[in-house]
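Novice: Below are the sequence and a predicted model; questions follow.
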There are 2 protein chains.
Amino acid sequence: MSRKLRLMIPGPTPLPPQVSEALARPMVGHRSKGFAELTARLHGKLQQVMQTNNEVIILTSSGTGGLEAAVANTVNPGDKVLALVAGKFGERFRDLARVYGAEVVELHFPWGRPVDLDAVESELRRHPDLKVILATHNETSTGVVHDIRGLGALAAKHGALLAVDAVSGLGGIDLPADAWGVDILVTASQKALMTPPGLAMISLSEKAWAQANKCRAPRYYFSLPAAKKALAKWNTAYTPAVSLFFGLEAALDLMLEEGLAKVFARHRLLARATREGIKALGLELLPPEDVASPVVTAVKSPAGIPAESLRKILADKYGVLFAGGQAELKGKIFRIAHMGYVDQLDVITALGALELALNEIGHRVDFGGGVAAAQRVFQGGAE
Amino acid sequence: MSRKLRLMIPGPTPLPPQVSEALARPMVGHRSKGFAELTARLHGKLQQVMQTNNEVIILTSSGTGGLEAAVANTVNPGDKVLALVAGKFGERFRDLARVYGAEVVELHFPWGRPVDLDAVESELRRHPDLKVILATHNETSTGVVHDIRGLGALAAKHGALLAVDAVSGLGGIDLPADAWGVDILVTASQKALMTPPGLAMISLSEKAWAQANKCRAPRYYFSLPAAKKALAKWNTAYTPAVSLFFGLEAALDLMLEEGLAKVFARHRLLARATREGIKALGLELLPPEDVASPVVTAVKSPAGIPAESLRKILADKYGVLFAGGQAELKGKIFRIAHMGYVDQLDVITALGALELALNEIGHRVDFGGGVAAAQRVFQGGAE
């Protein structure tokens, strides 16, 4: 039998059949009335899922392109920017600010730990000219959710813009962007939004638009004022990834039909079951549980077991793809995503495969021990 | 019956069924061995279709993103650049150079006419410090193919880099990039390459890479050195549009199976038949026939008939999408694309619909007159 592949990585995530079907649709003209209608519908649905009343710009790029748009449209050379770095994606946002000539103040936190708000406030006091805070919502590399609500309050208090990389969390974790004072919100199609990679979404508050309209950094493809002008006619500045637009609408329909509150509760439940399963197997979670991500669980590989060897067995023998650690965590952790089109039996599958692989690599665990712990969580239901 | 849609616009173009099927495939990990193998295969196939031995970088963006990558990686602020402008896409390349702070020398040619090599050489003599020539291969807005071979010779003679926007022509029109001295070649997925929009492809000569490696413009998502480093491991710097990679391979397979020479001959024949049909209906072509594009035919709307009204009948009553004129040509011309997944009967369909619409709008033409002229060309076969 040809290998059944089970994707449990934090993006791309599995596609619902409705999305796959939408992707295969024939092309249409991207300047046609029908496509403008699709763009308008998508806009309304994205505002719901992104929990914002701000205009949502869709860019044909990966999430990194969306992060670049955030920086290129709000950071002038020499502007002072605060980068909160607690993982690989925090580093990426910082690197982008550097590339655009910002004076970057960096605040580092241990990988696997949350951003400390007191430390952030100290920096804001020390540098009253800080213009933008670059934050990560769900740090995919460590499985930690940072306190965006707290950061929003600090940004408002100190008059800085809050830019949030919500690429991997949005749609899986509750993030009321407007209510929490997010000025620049970036996400992408291939994580909890259950669509293939290729689209980034970005929304700006009024304050952020004021900055974008006068920003001097070179930008063309990622020019948000140009995108906004086109959006006024339900158009895009440049040719959009038409098939991904089709797919995204199918995915958003599924999410809105389920209801956002239920989508978020489902992810929390799947994460809790995964964590209980992991602990029942005697393994250790990377982050403290109170900040552990609802969409990806980072697990320390048992002493003496290289995470890459474990992942290789899972991939080669079982077709189960977990993610590895990145940068300083490479070889030390593995990460199980439960993000997007994922249900309880997917968690059972992940834990079942992990139990097999651990025993094969010589790290004895009770068969069914992790699975049972997850099942007990499911029987209990959502908090 | 629900409207049958017939796309005859210069991108997105109709998808072969093999491509549609590929688009609907399940996701895979973009850092997996299988995806690296796909990337390696795609690379070899793209080198064949792009007629280059240079590395080909695939970017997840529209063609405009590819053009921005060309400029952002080879043009430093203050560098003198020669922009050849004879249509909307020539303007776009020029605008990009301006955004990146180049000192732009502009050479304008009437829309619908080819670039004049003597004028280009005069500018190269006048400005011996010109570093890059920005040229358009197939100017989609006017249906003119410019003389890239001639420009390549001039660029080599005067020591400038030749950057070519081949977004709409590549894969439909013979463009031996290496043989003709193209230093920077940009194309995109949604034109003659028969794949949905969302991918841009770019290749650089050794001379262009030397420039890219020391370029000082801010660039991150479109950094070609970063992309090249990733490509060495058959990887991409950022998450690629996985489903479009699947689709692109299916499309390239079809093209290589047909054979590039036959693909080009097919486009030339379809274009000639379209032109003969247009002339038989008493309509006038925009460009002179010796420079008319094999992939898109630009036609002047008959006196007193607004092109937009004609297009509206075609779209609303027949579901046939022609493109309109852009900028200064808006309302004055319409454009029939025969680009990518197109055959003889598609040309017959286009002309048949045009004959109906012209008569309906009150411009009498002989029914079957344009169709017959095209049929006679097909009976004669390729030159």
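Specialist: Arrived safely, thanks for sending.

Novice: Quick check: residues of the stretch 151-300 of chain A near chain B?
Specialist: Within reach of chain B by C-beta under 8 Å from any C-beta of the partner chain, the stretch 151-300 of chain A has these residues: A:188, A:190, A:196-198, A:217-222, A:238-244, A:247. In this view, the C-beta of every residue, glycine as well, is placed from N, C-alpha and C.

Novice: Tell me which stretches of the stretch 151-300 of chain A form strands.
Specialist: According to DSSP state E, counting those that start in this stretch, the stretch 151-300 of chain A carries its strands in the segments A:161-165, A:184-188, A:199-204, A:284-285, A:296-300.

Novice: buried set for the third one?
Specialist: Across strand A:199-204, burial judged by 16 or more other C-beta atoms under 10 Å in any protein chain shown covers A:199-204.

Novice: Closest one of those to B:Arg125?
Specialist: Nearest to B:Arg125, judged by C-beta to C-beta, of the buried residues of strand A:199-204 is A:Ala200 at 44.7 Å.

Novice: Quick check: nearest residue in space to that closest one, chain neighbours excluded?
Specialist: A:Gly66 (3.0 Å; C-beta to C-beta, 6 or more residues apart in numbering or on different chains).

Novice: Touching, that neighbour and A:Val56? I think so.
Specialist: No - counting by C-beta atoms under 8 Å, A:Gly66 does not reach A:Val56; the two are 11.0 Å apart.

Novice: how's chain A carved up into domains?
Specialist: A:17-257, A:259-380 (automatic domain parsing).

Novice: got a list of what A:Tyr100 touches?
Specialist: Listed by C-beta atoms under 8 Å, 6 or more residues apart in numbering or on different chains, the contact set of A:Tyr100 reads A:71-72, A:75, A:77, A:217, B:218.

Novice: Just the buried positions in stretch A:319-326, please.
Specialist: Here stretch A:319-326 shows A:320-326 as buried, counting by 16+ other C-beta under 10 Å.

Novice: go on, stretch A:128-144?
Specialist: A:130-144.

Novice: Quick one: mean pLDDT over it.
Specialist: Per-region confidence: stretch A:128-144 scores 98 on mean pLDDT.

Novice: returning to that earlier point: ok, the residue nearest to A:Ala200 - contacts?
Specialist: Neighbouring residues of A:Gly66 by C-beta under 8 Å, 6+ apart: A:59, A:167, A:186-188, A:200-202.

Novice: ok, those vs B:Val85, which is closest?
Specialist: A:Leu59 (26.5 Å).

Novice: May I ask you to confirm that the closest one is in contact with A:Ala200?
Specialist: Yes - A:Leu59 lies in contact with A:Ala200 (C-beta under 8 Å); the separation is 4.5 Å.

Novice: list residues touching both of those two?
Specialist: Residues touching both A:Leu59 and A:Ala200 by C-beta under 8 Å, 6+ apart: A:65-66, A:69.

Novice: For A:Met201, give its distance to chain B.
Specialist: Noted for A:Met201: a distance of 14 Å to chain B, by C-beta to the nearest C-beta, to the nearest Å.

Novice: I figured that residue was touching A:Val56, is that so?
Specialist: Yes - in this structure, A:Met201 is within contact of A:Val56 by C-beta under 8 Å, at 5.6 Å.

Novice: Tell me where the stretch 251-383 of chain A has helices.
Specialist: Along the stretch 251-383 of chain A, the stretches classed as helices by DSSP state H, counting those that start in this stretch are A:260-280, A:307-318, A:344-360, A:369-380.

Novice: The stretch 1-150 of chain A too?
Specialist: Under DSSP H, counting those that start in this stretch, the stretch 1-150 of chain A gives helices at A:17-23, A:33-49, A:63-74, A:88-99, A:117-126, A:148-158.

Novice: can these go into CSV with extra columns for distance to B:Met27?
Specialist: Converted to CSV, the helices of the stretch 1-150 of chain A look like this (distance: least, C-beta to C-beta, whole Å):
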stretch, distance to B:Met27
helix A:17-23, 9
helix A:33-49, 20
helix A:63-74, 15
helix A:88-99, 20
helix A:117-126, 36
helix A:148-158, 28
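
Novice: What's the nearest residue in the stretch 201-350 of chain A when you look at chain B?
Specialist: A:Ala241 (3.3 Å; C-beta to the nearest C-beta).

Novice: Based on its surroundings, how many neighbours for that residue?
Specialist: Using other C-beta atoms under 10 Å in any protein chain shown, the number of residues around A:Ala241 comes to 34.

Novice: for A:Val365, same thing?
Specialist: Look at A:Val365: counted by other C-beta under 10 Å, it has 18 neighbours.

Novice: Report the contact partners of it.
Specialist: So A:Val365 contacts A:281-282, A:355, A:358-359 (C-beta under 8 Å, 6+ apart).

Novice: same thing but 10 Å
Specialist: Neighbouring residues of A:Val365 by C-beta atoms under 10 Å, 6 or more residues apart in numbering or on different chains: A:280-283, A:302, A:354-359.

Novice: what's the pLDDT at it?
Specialist: What the model reports as pLDDT for A:Val365 is 97.

Novice: how near is it to chain B?
Specialist: Relative to chain B, and taking C-beta to the nearest C-beta, A:Val365 is found at 25 Å.

Novice: before we move on, back to that, want to throw the buried residues of strand A:199-204 into CSV with pLDDT?
Specialist: Formatted as CSV, the buried residues of strand A:199-204 follow (pLDDT from 0 to 100):
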residue, pLDDT
A:Leu199, 98
A:Ala200, 98
A:Met201, 98
A:Ile202, 98
A:Ser203, 98
A:Leu204, 98
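
Novice: nearest to A:Ala155, of these?
Specialist: A:Leu204 (13.9 Å).

Novice: What residues are bridge-paired with the residue lying closest to that closest one once chain neighbours are set aside?
Specialist: Nearest-residue entry for A:Leu204: A:Ile184, 5.6 Å, with adjacent residues in sequence omitted and distances by C-beta to C-beta, 6+ apart. On the basis of DSSP bridges, A:Ile184 takes part in beta bridges with A:Ala163, A:Leu204.

Novice: ok so, going back, winner for burial among the helices of the stretch 1-150 of chain A?
Specialist: Ranked by mean neighbour count under mean count of other C-beta atoms under 10 Å in any protein chain shown, those are led by helix A:63-74, which reaches a mean of 28.

Novice: now that one against strand A:199-204, angle please.
Specialist: 30 degrees (axes from the mean of the first three to the mean of the last three C-alpha atoms, to 10 degrees).

Novice: quick one, helix A:63-74 and strand A:161-165 angle?
Specialist: Using the same axes, to 10 degrees, helix A:63-74 lies at 170 degrees relative to strand A:161-165.

Novice: would you put the C-alpha positions of helix A:63-74 in PDB?
Specialist: Extracted as PDB, the C-alpha positions of helix A:63-74 are listed here (Å, rounded to 0.1, in the frame of the first residue of the first chain):
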ATOM      1  CA  GLY A  63       3.200  34.900   5.800                       C
ATOM      2  CA  THR A  64       6.700  36.300   5.800                       C
ATOM      3  CA  GLY A  65       5.600  38.600   2.900                       C
ATOM      4  CA  GLY A  66       2.800  39.800   5.200                       C
ATOM      5  CA  LEU A  67       5.400  40.500   7.900                       C
ATOM      6  CA  GLU A  68       7.500  42.400   5.400                       C
ATOM      7  CA  ALA A  69       4.400  44.400   4.400                       C
ATOM      8  CA  ALA A  70       3.900  45.300   8.000                       C
ATOM      9  CA  VAL A  71       7.400  46.600   8.400                       C
ATOM     10  CA  ALA A  72       7.900  48.200   5.000                       C
ATOM     11  CA  ASN A  73       4.700  50.200   5.400                       C
ATOM     12  CA  THR A  74       5.200  51.400   9.000                       C
END
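
Novice: can you state the direction angle for it and strand A:184-188?
Specialist: Inter-element angle recorded for helix A:63-74 and strand A:184-188: 160 degrees (by the same axes, to 10 degrees).

Novice: what's the spacing between the spatially most central residue of chain A and chain B?
Specialist: In chain A, the centroid-proximal residue (C-alpha atoms, centre = their mean) is A:Ser168; its distance is 0.9 Å. As defined by C-beta to the nearest C-beta, A:Ser168 lies at a distance of 11 Å from chain B.
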